[in-house]
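1. what's the 3D shape of this:
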Amino acid sequence: MAKGSTRRAKVVKAMIAFVLILALLTFFSNTIMNLTIPKVMGTYASRGNLSYSNSARGTIEVENQTEVKGLEGRTVDQVMVTNYDQVEKGDVLLTLKSLEDSEALESKRESLKELEREAEYEARSPSDTTDFSPYRDAINSAKTSLSEAKDTLSQVQNKSAVENENRKIIDEESAKAVSLEASVKAAAETVEDIQKQIDAIDAAIAPLQSQIDVYVALGTPTPTPSPAPGETTPPVTNTENTGDTGDAGDAGDAGDTGDSGDSTTPPPYVPNLDADGLDKNSPTYEMDKLMYKIAQYEEQKEALESQLESAQARLTEASAELAECQGKINEAQQAIDALGQLPSESAAQNAVTSAQNAVNSAQKSYNDAQTQAGITADKNKDAIADRNAKIEKLKKEIEELEKASKIKEITAPVAGYIYNFSVMSGDELTAKTIVTYILPVTDRICSVTFSFTASAAQNIWVGMPLEVTSGFIEGCTVSSMKPDPNDPRNTRLVKCIVDGSDAWPGEEVTVNAGRGNDNYKCVVPSSAVSEDNSGSFVYVIIGSSTPLGDKYVVKRVDVTVEATDGAASAIKGEGLDKYDVMIVVRAEKPLEDGQRVRLEDYTAK
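-> Have a look, this model is predicted:
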């Protein structure tokens, strides 16, 4: 038990010591912190009324001063006057060095020569026109490819229908072809059979004709037609080889009784006909029999040839129909075979898309080429116009330089006081160089432009005299008012005409346009407002509670000073229109945004 009590007492002592050390550290840390944290004094922003003067400051300008400009390409030799010298019209202000080398003049002449030569060469050059035919050819080619791609896609999409249609044609024409092949075969066999019969007849006729030729060669009379049934006159034979002159047989002589002088009519001739009706008593009986047989063969042959012609016609017609049928079958089969060479539908669609893109690209290239050609043409026109303008400008400058080269000095165009003389001996002059101004001796018109706020300008009107608070002028009258181009909403530029009898340009004048008295939402002591390169600002005090006490930090807020009477200022900024905003009005050290501070009442010291 004794050991436990001793241990407990040690723990209690340690805890007491720890608390004492913590208290001491807290005390000293607060003391050190209070020594390093800057002290500030704050006040709450409040509504208030300010009375202020509407004053502004401006610089005198002379309205009717005369500018004296230099001469292009000339160099100042001697200056004859100084500022505020009074001169008369025609007095020499400065002298000029002579143009012995005339480098500027020669340079401009050379430039003019080059430009005119360039214009001449361009005028003689052939016109350069853009050839658009390759672009149009590319468009037509792309359109042809697109049409072919669309046809292929259509074939792919109709592949099944086309295949079914062609297979139907093959089936129908194949069935028809079977019948036609049979017809062609039958007709061919018929033609062949008839031709064989004709050939057999020709073969039979040939020996008969040979026998006839033999009889003819032996001098056998040529047969004449047999008498018709009932005729008694014997057939007349060819007496070419009998020696008969035929006088006794002349039936045309009615008194001729023949050689015997017998006037009786001979008995009728009775022919001896065979089974074929041929006269056996005819001296040409054998030839008649041969010719009769040939005539029979010829009759048979004629009938067969008629049959052959008809059969040949049937064969030709059937063959033609069969060929047509087979052609349709072949075409249908080729169409089916071609379907197998077609791409897939996706590939065909991609081909159409690619072809359409090619058409679009070709059309765009054509349009771009036309646009570029137009731009080039416009550039050429502009270049020509610019060159012509440069030529005219150079001609004018050369003419002016030639005239200026004869001038040895610059004189005063009017009488008055020299003001703001800006050149010295050795300076190069240009036509735009303002050598000096000449101020009128009397009747000098002077003006001053002041900048007022828009609210202050509401009480100013044209013709109103303004109170001059500083400056060597006696009167100042408002001649015009307009918004300031840099801040047209909030600022007005008030131009005044001043008495110029004793006024000089560059002098500053301060005027007062009366006093203002307005109420504002946020009024603070003027000491609370600070300025830097970013503008006006104040520090707002923000407090918070901690276990060790209250903690204060400052926050920078940019503000706009609406008005001031010197001691107080009306300001406007983010969050400043609240009633509980405390603003720093005094600090013992410069502050920074977010810096910790401690409040102190300086009024008690």
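2. flag every buried residue along the helix or strand E118 falls within.
-> Element membership of E118, judged by DSSP states H and E, is helix 103-124. Going by neighbour count (16 or more other CB atoms under 10 Å), the buried part of helix 103-124 is 104-105, 108-109, 112. Every residue, glycine included, has its C-beta placed from N, CA and C.
3. same question, stretch 445-463
-> 446-453, 456-457, 460.
4. put the alpha carbons of the helix or strand hosting S479 into CSV.
-> Per DSSP H and E, S479 falls inside strand 476-483. Output of strand 476-483 as CSV, limited to C-alpha atoms (Å, rounded to 0.1, in the frame of the first residue of the first chain):
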residue,chain,number,x,y,z
CYS,A,476,-13.0,81.0,-68.0
THR,A,477,-16.4,80.3,-69.8
VAL,A,478,-17.7,76.9,-70.7
SER,A,479,-17.9,76.4,-74.5
SER,A,480,-18.8,72.7,-74.8
MET,A,481,-19.3,69.4,-72.9
LYS,A,482,-19.0,65.8,-74.1
PRO,A,483,-18.5,62.3,-72.6
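5. chain center to that strand: distance?
-> On the basis of CA atoms, centre = their mean, to the nearest Å, strand 476-483 sits 54 Å off its chain's mean C-alpha point.
6. my read: L591 touches Y539, true?
-> Yes. The criterion here is CB atoms under 8 Å, and L591 meets it with Y539 at 5.5 Å.
7. what do the two both touch?
-> Listed as contacting both L591 and Y539 by CB atoms under 8 Å, 6 or more residues apart in numbering are 40, 554, 584.
8. past the helix-or-strand element of the chain with minimal mean pLDDT, which element shows up next along the chain?
-> None of the helices or strands of the chain scores lower by mean pLDDT, DSSP states H and E than helix 2-36, at a mean of 71. For helix 2-36, the following helix or strand on the C-terminal side (DSSP H and E) is strand 39-44.
9. which elements pack onto that following strand?
-> strand 535-546, strand 582-587, strand 596-599 (3 or more CB pairs under 8 Å, 6 or more residues apart in numbering; DSSP states H and E).
10. in its sheet, what does the first one sit against?
-> Strand 535-546 has the following sheet partners, assigned by DSSP bridges: strand 530-532 (antiparallel), strand 549-564 (antiparallel), strand 582-587 (antiparallel).
11. what's the closest of those to S145?
-> Among those, strand 549-564 comes nearest to S145, with 68.1 Å by CB to CB.
12. list the contacts of the closest one.
-> For strand 549-564, contacts defined as CB under 8 Å, 6+ apart pick out 30, 40, 50, 52, 516, 518, 520, 526, 529, 534-545, 569-576, 584, 591-599.
13. any of these buried? List them.
-> Neighbour-count burial (16+ other CB under 10 Å) applied to the contacts of strand 549-564 gives 40, 50, 52, 516, 520, 529, 536-541, 569-571, 573, 576, 584, 591, 595, 597.
14. tell me the mean pLDDT over stretch 140-149?
-> When pLDDT is averaged over stretch 140-149, the result is 89.
15. contacts for that stretch next, please.
-> With contact meaning CB under 8 Å, 6+ apart, stretch 140-149 is reached by 348, 351-352, 354-356, 358-359, 361-362.
16. quick one: buried residues of it?
-> Going by neighbour count (16+ other CB under 10 Å), the buried part of stretch 140-149 is 142-143, 145-146, 149.
17. can I get the helices and strands packed on strand 39-44 in CSV with distance to L439?
-> Shown next, in CSV, are those (distance: least, CB to CB, whole Å):
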stretch, distance to L439
strand 535-546, 39
strand 582-587, 50
strand 596-599, 58
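18. redo the ones you listed as CSV? Include mean pLDDT and distance to M287.
-> As requested, the helices and strands packed on strand 39-44 are exported to CSV (pLDDT from 0 to 100; distance: least, CB to CB, whole Å):
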stretch, mean pLDDT, distance to M287
strand 535-546, 87, 153
strand 582-587, 89, 164
strand 596-599, 86, 164
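19. hang on, the earlier thing: flag the least confident of the buried residues of helix 103-124.
-> Out of the buried residues of helix 103-124, that is A104, at 70.
20. any idea which element the nearest residue to that one once chain neighbours are set aside lies in?
-> With CB to CB, 6 or more residues apart in numbering as the criterion, A104 has its nearest non-adjacent residue at 3.6 Å, and that residue is G73. Using DSSP H and E, G73 falls within no helix or strand.
21. can you check the one 3 residues further on too?
-> Here V76 sits within strand 76-79, counting by DSSP H and E.
22. over to Y292?
-> helix 285-340.
23. okay, angle between the next helix or strand after that helix and helix 103-124 too, please.
-> Next helix or strand after helix 285-340 toward the C-terminus (DSSP H and E): helix 345-404. Interaxial angle of helix 345-404 relative to helix 103-124 (axes from the mean of the first three to the mean of the last three CA atoms, to 10 degrees): 140 degrees.
24. could you say what helices and strands helix 345-404 packs with?
-> The helices and strands touching helix 345-404, judged by 3+ CB pairs under 8 Å, 6+ apart, are helix 103-124, helix 133-157.
25. between the last one and helix 285-340, how many degrees?
-> Computed by the same axes, to 10 degrees, the angle separating helix 133-157 from helix 285-340 equals 100 degrees.
26. A332 reaches D171, doesn't it?
-> No. Applying CB under 8 Å as the test, A332 and D171 come out as separate, 9.4 Å apart.
27. of those two, which one has the most company?
-> Higher neighbour count among A332 and D171: A332, with 22 against 12, using other CB atoms under 10 Å.
28. list the contacts of the more buried one.
-> Going by CB under 8 Å, 6+ apart, A332 touches 166-167, 169-170, 173.
29. recalculate using a threshold of 7 Å.
-> Applying CB atoms under 7 Å, 6 or more residues apart in numbering, we find A332 in contact with 166, 169-170.
30. and it, how far is that from A323?
-> A332 sits 15 Å away from A323, going by CB to CB, to the nearest Å.
31. where does the prediction get shaky in the stretch 251-400 of the chain?
-> By pLDDT under 70, the low-scoring segments of the stretch 251-400 of the chain are 251-266.
32. give me that answer again for 50
-> Applying pLDDT under 50 to the stretch 251-400 of the chain flags the ranges 251-261.
33. what are the contacting residues of stretch 108-120?
-> Outside stretch 108-120, the residues within contact range by CB under 7 Å, 6+ apart are 387, 390-391, 394-395, 397-398, 401.
34. may I see the ChimeraX selection of the buried members of those residues?
-> Command for ChimeraX that selects the buried part of the contacts of stretch 108-120, burial taken from 16+ other CB under 10 Å:
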select :391,394,397,398,401
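35. reformat the contacts of stretch 108-120 as JSON lines; add distance to L180.
-> Output for the contacts of stretch 108-120, formatted as JSON lines (distance: CB to CB, whole Å):
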{"residue": "R387", "distance to L180": "87"}
{"residue": "K390", "distance to L180": "92"}
{"residue": "I391", "distance to L180": "92"}
{"residue": "L394", "distance to L180": "97"}
{"residue": "K395", "distance to L180": "98"}
{"residue": "E397", "distance to L180": "102"}
{"residue": "I398", "distance to L180": "103"}
{"residue": "L401", "distance to L180": "107"}
